[in-house]
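Enquirer: When you get a sec, could you give me coordinates for this:
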Amino acid sequence: MRLARVVGNVVSTIKERTHVGKKLLIVEYLDETGAGTGQQQIALDAVDAGIGDRVLINAEGGSAKMLLNDKDVISNCVIAGVIDHFTFGEVVVDN
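Expert: Okay, the predicted model is just below:
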């Protein structure tokens, strides 16, 4: 699992059939202080996240199948939660 921030939407009128009706978001991974790393990826949204939200990313294929309750979905990156705040050592990061 990794920390990320939603930075954009993906609009696709033609998709793989298991992606129809599912929201695709662009996420930027965060470091332990909450700053963006510059590394971005497209993720399927399982929790109705929006732009600006800090989110928890699960980056393995099996997690999308479980979180989206779809045994046929093809994805290696899914948004599993919206983060209210996190603590790393002495650093506390709030939304």
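
Enquirer: For stretch 14-26, give me every contacting residue.
Expert: For stretch 14-26, contacts defined as C-beta atoms under 8 Å, 6 or more residues apart in numbering pick out 6-10, 12, 40-45, 48-49, 51, 68, 70, 72-75, 79. C-beta coordinates here come from the backbone N, C-alpha and C atoms, glycine included.

Enquirer: Tell me the buried residues within the residues you listed.
Expert: Among the contacts of stretch 14-26, the ones that count as buried by 16 or more other C-beta atoms under 10 Å are 6, 43-45, 49, 68, 73, 75, 79.

Enquirer: now those residues in TSV, with distance to I57, pLDDT and secondary structure?
Expert: Shown next, in TSV, are those (distance: C-beta to C-beta, whole Å; pLDDT from 0 to 100; DSSP: H, G, I helix; E, B strand; the rest coil):
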residue	distance to I57	pLDDT	secondary structure
V6	10	98	strand
A43	6	92	strand
L44	10	90	strand
D45	11	91	strand
A49	10	96	coil
L68	14	67	coil
V73	16	73	coil
S75	11	77	coil
I79	6	92	strand
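
Enquirer: Need the max-distance pair from those.
Expert: For these, with distances taken as C-beta to C-beta, the pair at the greatest spread is V6 and V73 (19.4 Å).

Enquirer: do you know how far V10 is from V27?
Expert: Computed as C-beta to C-beta, to the nearest Å, the V10 to V27 distance reads 11 Å.

Enquirer: okay, and the common contacts of those two?
Expert: I42.
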